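Chemist: Take this sequence and fold it.
(chains A and B)
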Number of protein chains: 2
Amino acid sequence: MEVQIAMAKVSKYAVSESGDTLEVVERPNGGLSVVLADGQTSGRGAKAISQMVVRKVIGLLAEGVRDGAAARAASDALFTEKQGKVISTLNIASLDLNSGTIVLTRNNPAPVFICRGEQISTIEEESIPLGTSRNVRPLITEIGIEPGLVIVIYTDGLTHAGKRRGMPMDIGAAIRSVLEDQDPTPQMLADTLLAEAVRLDENRPADDISVLVLKVTARIGDSARRMSVRLPLDGIARLS
Amino acid sequence: MEVQIAMAKVSKYAVSESGDTLEVVERPNGGLSVVLADGQTSGRGAKAISQMVVRKVIGLLAEGVRDGAAARAASDALFTEKQGKVISTLNIASLDLNSGTIVLTRNNPAPVFICRGEQISTIEEESIPLGTSRNVRPLITEIGIEPGLVIVIYTDGLTHAGKRRGMPMDIGAAIRSVLEDQDPTPQMLADTLLAEAVRLDENRPADDISVLVLKVTARIGDSARRMSVRLPLDGIARLS
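Modeler: All right, here's what the predicted structure looks like:
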């Protein structure tokens, strides 16, 4: 089997820096975790918050702290610093090689989609962001790693896409249409969802948007781990 | 323009965990840094060392500390803990959006290849690993971001590939042959170098091997940032 993870993100229109932060960290036992935070508001202030949250969580995960405890610690740190005035969503997706599961930690009102073949379900119990109070509880979902599993996680920029024009995105339908079409790579799925959202926002995203897709395949290839990053510089005036 | 970064790594034969650690962190100004460390020996002990070095460097970079200072701090921390008995190589490749340059920081005897079209040069001044003494100096090279630039960084597993059989790898020739062939993606180049090294080691790598390739392209696409990860699970007994 192979786990493939893909992310795509854009920042709010006319804001150079996305307020969303997404990073990957190796876990002490050889697995890995992807950590996604969306700080309140946009631009520089939001970036500082989401980076603080992600740094805190990643530092703890690297020390072997469990995901739920890391989320609680980040929430406490944020609440202590900002007294509930600034909040941040958090999603952690961990490939836990000890338990052979994917562990999803969620402090984000936006749901998470779990797809197995034709079957698409959502995790959408009420979930509140970090930093809102002294005792924020993360929602933890553990899923066995099996071929065909696809998980879609996103920040609320995707939820809000098109709402300005009264044409909100049907995220479930968009996922279904890509999955039915063919056997898409996770990058194709993430890119398609992001492109659809940007289109609904008339190419001027009303918010930062990040999409994260995990896919388990039956593929048997070599045993190399691979990572790739693409960073467009076109929008950055001082470089052009 | 777009900066594309690709990494491929394998662990030493019959060792489940690579002693090399490679992580990506966003810089406070919107750029990013890739940090690669190779801890002495292999397996669990080496992993703990390289993870400690990478965590230290990444934490400091995220706070806005400059690359050279972060490398020195990691070296001092390692020397203080291990008294020079355990060392680690370190490479940092940073996309610095303030200066419009790629900043390469090197504490690794292995050279770095810089390619521009047909022209391939190396950075290979003597460079010593972290943790060897109280005052380890990193070598810093700053390169303007321009289309066509390709940078290849690796750990010594690549240098040592094939030596067991008296057939060491000619890394420069291997890079040249891929670059001449066509306009390869950085992932193609990293994968080809890794595959060649594994072949020379008769499919039983004598050491952990990590290859990191950066490429600047003139490409004008959308403004989304993308990241993807592939993690084979086949070698992990408890999951199969």
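
Chemist: switch to C-alpha atoms for all contacts and neighbour counts from now on
Modeler: OK.

Chemist: so which helix or strand takes in residue A:174?
Modeler: Secondary-structure assignment from DSSP states H and E places residue A:174 in helix A:171-181.

Chemist: after that helix comes which helix or strand?
Modeler: Downstream of helix A:171-181, the next assigned helix or strand under DSSP H and E is helix A:186-200.

Chemist: Just want the angle from that next one to helix A:171-181.
Modeler: Calculated by axes from the mean of the first three to the mean of the last three C-alpha atoms, to 10 degrees, helix A:186-200 forms an angle of 140 degrees with helix A:171-181.

Chemist: and for helix A:186-200, what are the contacting residues?
Modeler: Here helix A:186-200 makes contact (C-alpha atoms under 8 Å, 6 or more residues apart in numbering or on different chains) with A:4-9, A:158, A:161-162, A:167-169, A:171, A:174-175, A:178-179, A:204-205, A:209-215, B:228.

Chemist: of those, buried ones?
Modeler: Neighbour-count burial within the contacts of helix A:186-200 applies to A:4-9, A:158, A:161-162, A:168-169, A:171, A:175, A:178-179, A:205, A:209-215, B:228; the criterion is 16 or more other C-alpha atoms under 10 Å in any protein chain shown.

Chemist: In helices, which of the residues you listed fall?
Modeler: Mapping the buried ones among the contacts of helix A:186-200 onto helices (DSSP state H) picks out A:158, A:171, A:175, A:178-179.

Chemist: ok, which of those also contact chain B?
Modeler: Near chain B, judged by C-alpha under 8 Å from any C-alpha of the partner chain, there are no entries from these.

Chemist: Including distance to residue B:58 and pLDDT, could those residues go into a markdown table?
Modeler: Output for these, formatted as a markdown table (distance: C-alpha to C-alpha, whole Å; pLDDT from 0 to 100):
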| residue | distance to residue B:58 | pLDDT |
| --- | --- | --- |
| A:158 | 29 | 95 |
| A:171 | 35 | 96 |
| A:175 | 35 | 96 |
| A:178 | 36 | 95 |
| A:179 | 36 | 94 |
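
Chemist: And those residues, which is closest to residue B:17?
Modeler: residue A:179 (33.6 Å; C-alpha to C-alpha).

Chemist: now the closest one: how far from residue A:215?
Modeler: 12 Å (C-alpha to C-alpha, to the nearest Å).

Chemist: picking that back up, in strands, which of the buried ones among the contacts of helix A:186-200 appear?
Modeler: Residues of those located in strands (DSSP state E): A:4-9, A:209-215, B:228.

Chemist: before we move on, which element is residue A:46 in?
Modeler: Counting by DSSP H and E, residue A:46 is found in helix A:43-62.

Chemist: per-residue pLDDT, residue A:234?
Modeler: If you check residue A:234, the pLDDT there is 64.

Chemist: Buried residues in the helix or strand bottoming out on mean pLDDT in chain A, which are they?
Modeler: Every helix and strand of chain A was ranked by mean pLDDT, DSSP states H and E. The lowest is helix A:43-62, at a mean of 90. Going by neighbour count (16+ other C-alpha under 10 Å), the buried part of helix A:43-62 is A:43-44, A:46-62.

Chemist: what do you get for stretch A:149-163?
Modeler: Under 16+ other C-alpha under 10 Å, the buried positions of stretch A:149-163 are A:149-162.

Chemist: near chain B, which residues of chain A show up?
Modeler: Counting by C-alpha under 8 Å from any C-alpha, chain A sits next to chain B at A:1-11, A:17, A:23-25, A:30, A:55, A:59, A:97-98, A:100, A:187, A:220-235, A:238-239.

Chemist: Which of the three states applies to residue A:133?
Modeler: coil (DSSP: H, G, I helix; E, B strand; the rest coil).

Chemist: What is the burial count for it?
Modeler: 18 (other C-alpha atoms under 10 Å in any protein chain shown).

Chemist: what's the spacing between it and residue A:187?
Modeler: In this structure, residue A:133 and residue A:187 are 36 Å apart, going by C-alpha to C-alpha.

Chemist: Tell me how far the residue lying closest to residue A:210 once chain neighbours are set aside lies from residue A:197.
Modeler: Excluding its sequence neighbours, the residue lying closest to residue A:210 (C-alpha to C-alpha, 6 or more residues apart in numbering or on different chains) is residue A:9, at 4.2 Å. Applying C-alpha to C-alpha, the value for residue A:9 to residue A:197 is 11 Å.

Chemist: pretty sure residue A:217 is in contact with residue A:145, am I right?
Modeler: No. With contacts counted by C-alpha atoms under 8 Å, residue A:217 stays clear of residue A:145, the gap being 9.6 Å.

Chemist: Report the set of residues contacting both of these two.
Modeler: Common contact partners of residue A:217 and residue A:145 (C-alpha under 8 Å, 6+ apart): none.

Chemist: dump the residue contacts of the residue nearest to residue A:210.
Modeler: A:194, A:208-211, B:224-226.

Chemist: wait, which of the residues you listed is closest to residue A:82?
Modeler: In terms of C-alpha to C-alpha, no member of the contacts of residue A:9 lies closer to residue A:82 than residue A:208, at 21.8 Å.
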